[in-house]
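J.: Any chance you can model this:
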Amino acid sequence: MKFKIVLRVISLLMVVTGLAMASSVPVAWIMGDEPLVIFELLGSSIAATILPLLVFWAIRGEKKHEPIGFREAFAVVTFGWIFASLFSAIPFMVVGKLSFVDSFFESMSGFTTTGASILNNIEELPKGLLWWRAMTHWLGGMGIVVLSLAVLPILGVGGMQLFKAEVPGPISDQLTPKIADSAKILWGVYVLLTGVESILLRIAGMPWFDSICHSFATMATGGFSTKQASIEYYHNAAGFSGGVYIDAIITIFMFLAGCNFILHLNALRGKPLNYFKDEEFKSYAKIILFTVIVSTVFLYFSDYSIAGDYKDKGVGYMVQNTSFTTVSIITTTGFCTGNFELWPHFCRLSLLALMFVGGCGGSTGGGMKVSRIVLAYRYAKMQIARSFYPHMVTNVQFNKNRVNSGINHRTLSFIVIFIGLFVITAILLTILEPTIDLESAVSASIASLGNIGPGLGKVGAWENYSWFKDSSKMLLSFAMLAGRLEIYTVMVIFLPRFWRK
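T.: Residues are numbered from 1 along each chain as shown. Below is the predicted model:
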């Protein structure tokens, strides 16, 4: 392990994070925050920028273009995200007056685009802090390392290893011969979609500040809102009538954020039909459509004591609410427009299943990814067929291409490890929180590992994570990190041979 190279690259990543934090200062000034808040945000951003610069300066004598191997890449990405969460926690401690653990939890939840919050007074917080809270989502959605590769040419050498370590799966393939150009292309698509959504939300009646912050959270599939009631606020706000349009806009962009961003790039290049040629996209759309239809039917025929509010508002409202909630959960965004805790048990169980599925490979969504679910299903189907016909020649195919055995094995091992971590996290929560009910423990575990945010029970739509003990919050923070970096990148550092020369 080349520790100085790792430290040098991490210090540069922290500089990018500190510079991004500085954007909260002019926002705080424009939005009318108190002078003390502006000063505190400025001091936080200076500290988050200067400290890593000093570290980089202290080791400046090392070779700047020494190749970054896979070990260094895994270490840079894992510890880079940890340090980014630590540095970005500074404004929450200084401005928000939160404890270290709460600040780290909120920061990690932001960068991993989980959206699990410990805040109970969101509207009372300074606008500059809410901006930084939303910015952590946006930076984490496409990735700190990917952003750094786009803006810091010094990371170009060995950049592919960093790229793959942070964004495993289909999107890790290079889009252009130069990895920095690939990073710029992906961020360009990301920025474009964020800008379009911000404009549409403003047209629908949402203030500019809220529009941009919610667009950051949507495209990152994060879920942090500037309102305690999340998107439901815009249904009940006095004098506000654009709730249905806001729901529709956010639903569409959550759906797009859950797709492989290479498909969006192809569409911008004049190949929109590639969406319908991609098997993962088609499976993703079918899962959503099926869940919306089934949930709507169950709500419609449910007893009035369960679905009375929905029955009073009509079928149109049912479709609107089930569509928003289904897309929000499968894309792991976590926005809420209603209390799905009141849904029938079957509908809530369907939402729990979607938390495991997640978005498409190459999206900003979490979970196991639709492509892995499809591959695992086809592999299982093939093995069942071979149990009857042991000599038959069968192949697993995806997008009309044969999937080699190595990919099948990695897919199955990922699913096994993912489910194993989910079970272990849930068990540890029941130990750390003796009074927690099983529903809350299970849903908090998958909501953190899958980067969803809201779960069921005590972490449901109108609840948060403030009541957990500090030890539980740190456990869930680790689950968020492991889920965002797709497990392997984080778990490999626990192997003793990883640290050997």
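
J.: so which strand or helix has residue 91?
T.: Using DSSP states H and E, the element containing residue 91 is helix 90-94.

J.: Same check on residue 42?
T.: Going by DSSP H and E, residue 42 is part of helix 35-58.

J.: tell me which residues of that helix are tucked away?
T.: By 16 or more other CB atoms under 10 Å, the buried positions in helix 35-58 come out as 37-38, 40-42, 44-45, 48-49, 52, 55-56. Placement of C-beta: from N, CA and C, glycine included.

J.: helices and strands around the helix holding residue 91, which ones?
T.: Here helix 90-94 touches helix 35-58, helix 100-111, helix 127-142, going by 3 or more CB pairs under 8 Å, 6 or more residues apart in numbering; DSSP states H and E.

J.: Tell me which stretches of the protein form strands.
T.: For the chain, the strands defined by DSSP state E occupy 397-398, 401-402.

J.: Dump these into JSON lines; add mean neighbour count, distance to residue 411 and mean pLDDT as well.
T.: Below are these laid out as JSON lines (neighbours: other CB atoms under 10 Å; distance: least, CB to CB, whole Å; pLDDT from 0 to 100):
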{"stretch": "strand 397-398", "mean neighbour count": "14", "distance to residue 411": "10", "mean pLDDT": "86"}
{"stretch": "strand 401-402", "mean neighbour count": "10", "distance to residue 411": "14", "mean pLDDT": "86"}
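
J.: Need these in JSON lines (columns: distance to residue 221).
T.: Shown next, in JSON lines, are the strands of the chain (distance: least, CB to CB, whole Å):
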{"stretch": "strand 397-398", "distance to residue 221": "23"}
{"stretch": "strand 401-402", "distance to residue 221": "27"}
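
J.: for these, which one sits closest to residue 219?
T.: strand 397-398 (26.3 Å; CB to CB).

J.: in its sheet, what does the closest one sit against?
T.: Using DSSP bridges, the strands paired with strand 397-398 are strand 401-402 (antiparallel).

J.: contact partners of the partner strand?
T.: Strand 401-402 has contacts (CB atoms under 8 Å, 6 or more residues apart in numbering) with 395-396.

J.: what separates residue 286 from residue 264, distance-wise?
T.: Separation of residue 286 from residue 264 (CB to CB, to the nearest Å): 19 Å.

J.: Can you find the helix or strand of this structure with the lowest average pLDDT?
T.: helix 159-166 (a mean of 60; mean pLDDT, DSSP states H and E).

J.: related to what we said a few turns ago, between residue 286 and residue 264, which one's more packed in?
T.: Ranked by neighbour count (other CB atoms under 10 Å), residue 286 and residue 264 place residue 264 first, with 22 against 11.

J.: That one touches residue 189, doesn't it?
T.: Yes. Between residue 264 and residue 189 there is a contact under CB atoms under 8 Å: 5.2 Å.

J.: which residues of the stretch 201-350 of the chain fall in helices?
T.: For the stretch 201-350 of the chain, helices defined by DSSP state H, counting those that start in this stretch occupy the ranges 208-219, 233-236, 243-257, 261-268, 274-277, 279-301, 304-313, 315-330, 345-357.

J.: how about residue 404, what does it touch?
T.: Residue 404 makes no contacts at all, as judged by CB under 8 Å, 6+ apart.

J.: Likewise for the one 3 residues further on?
T.: With contact taken as CB under 8 Å, 6+ apart, residue 407 is in contact with residue 375.

J.: got the buried residues of helix 35-58 as a markdown table, with pLDDT columns?
T.: Output for the buried residues of helix 35-58, formatted as a markdown table (pLDDT from 0 to 100):
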| residue | pLDDT |
| --- | --- |
| 37 | 96 |
| 38 | 96 |
| 40 | 96 |
| 41 | 96 |
| 42 | 97 |
| 44 | 96 |
| 45 | 96 |
| 48 | 93 |
| 49 | 94 |
| 52 | 90 |
| 55 | 88 |
| 56 | 84 |
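
J.: Of these, which is the nearest to residue 95?
T.: Set against residue 95, the nearest of the buried residues of helix 35-58 by CB to CB is residue 40 (4.9 Å).

J.: gap between that closest one and residue 53?
T.: Using CB to CB, we find residue 40 at a distance of 20 Å from residue 53.

J.: Same question for residue 111.
T.: 21 Å.

J.: What of residue 415?
T.: 42 Å.

J.: likewise residue 425?
T.: For residue 425, the distance to residue 53 - CB to CB - is 36 Å.

J.: List the residues that contact the residue most central in space within the chain.
T.: With distances taken as CA atoms, centre = their mean, residue 113 lies nearest the centre of the chain, 3.2 Å away. By CB under 8 Å, 6+ apart, the residues touching residue 113 are 137, 140-141, 220-223, 332, 364, 366, 451, 484.

J.: Could you identify the most distant pair in these?
T.: The span of the contacts of residue 113, defined through CB to CB, is set by 223 and 484 at 13.4 Å.

J.: residues bridging contact with those two, i.e. touching both?
T.: Contacts common to residue 223 and residue 484, judged by CB under 8 Å, 6+ apart, are 113-114.

J.: what about the two, which has more around it?
T.: Neighbour tally, residue 223 and residue 484, criterion other CB under 10 Å: the higher count belongs to residue 223, 30 against 26.

J.: Quick one: residues contacting that one.
T.: 113-115, 137, 217, 230, 328, 333-335, 452-454.
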